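Colleague: Mind folding the following:
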Amino acid sequence: MKTIWHIFYPRERRIVFLLFITLFIVSALELLGLVLVIPYVDLMVDKNQLEHYTDQFPLLANVLELGGDYRITISICFAGFYVLKNAVLAILTYIQHTILKNVKTNIMTRMFHHYLYR
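Modeller: Next comes the predicted model:
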């Protein structure tokens, strides 16, 4: 790892660190998306589970008071979360590809320059 880390300039090291942070954020969002599926299905199937979840999460009770049927409100919130999550993931993926392209280009340019002028 030490030899690989010396390939990067200090600015590129910070960029690669930023890349690792964005990868962690993407992983956390994907995990959150998977975790929300089970409570959503549970609420759609069994109305008695609504009281269980509103006792554990008081904010959910406040959100459900806004609409009439709780299933419609929960479905809108669930779909809204997935739309926002996928939009953020698309932006972060674009940033990751841009960073990787720039780092790869810089390394290849330095290698070519070293090859020509050694």
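Colleague: How many residues are close by I72?
Modeller: 10 (other Cβ atoms under 10 Å). From N, CA and C alone the C-beta is placed, and that goes for glycine too.
Colleague: Mind giving me the packing neighbours of the helix or strand containing it?
Modeller: Element membership of I72, judged by DSSP states H and E, is helix 70-116. Helices and strands touching helix 70-116, by 3 or more Cβ pairs under 8 Å, 6 or more residues apart in numbering; DSSP states H and E, are helix 10-35, helix 37-45, helix 58-64.
Colleague: Of those, which is nearest A79?
Modeller: Distance to A79, taken as Cβ to Cβ, is lowest for helix 37-45 among those, at 9.9 Å.
Colleague: can you list contacts of that closest one?
Modeller: Outside helix 37-45, the residues that touch it by Cβ atoms under 8 Å, 6 or more residues apart in numbering are 49-50, 53, 70-71, 74-75, 78.
Colleague: burial of N86, as a residue count?
Modeller: 12.
Colleague: now M108
Modeller: 10.
Colleague: Equivalent analysis for L60, please.
Modeller: Neighbours around L60, by other Cβ under 10 Å: 19.
Colleague: for L32, same thing?
Modeller: 11.
Colleague: Now do the contacts for it.
Modeller: K85.
Colleague: mind listing what the residue nearest the centre of the chain touches?
Modeller: Centroid check for the chain by Cα atoms, centre = their mean gives V26 as the closest residue, at 2.6 Å. Neighbouring residues of V26 by Cβ under 8 Å, 6+ apart: 89, 92-93.
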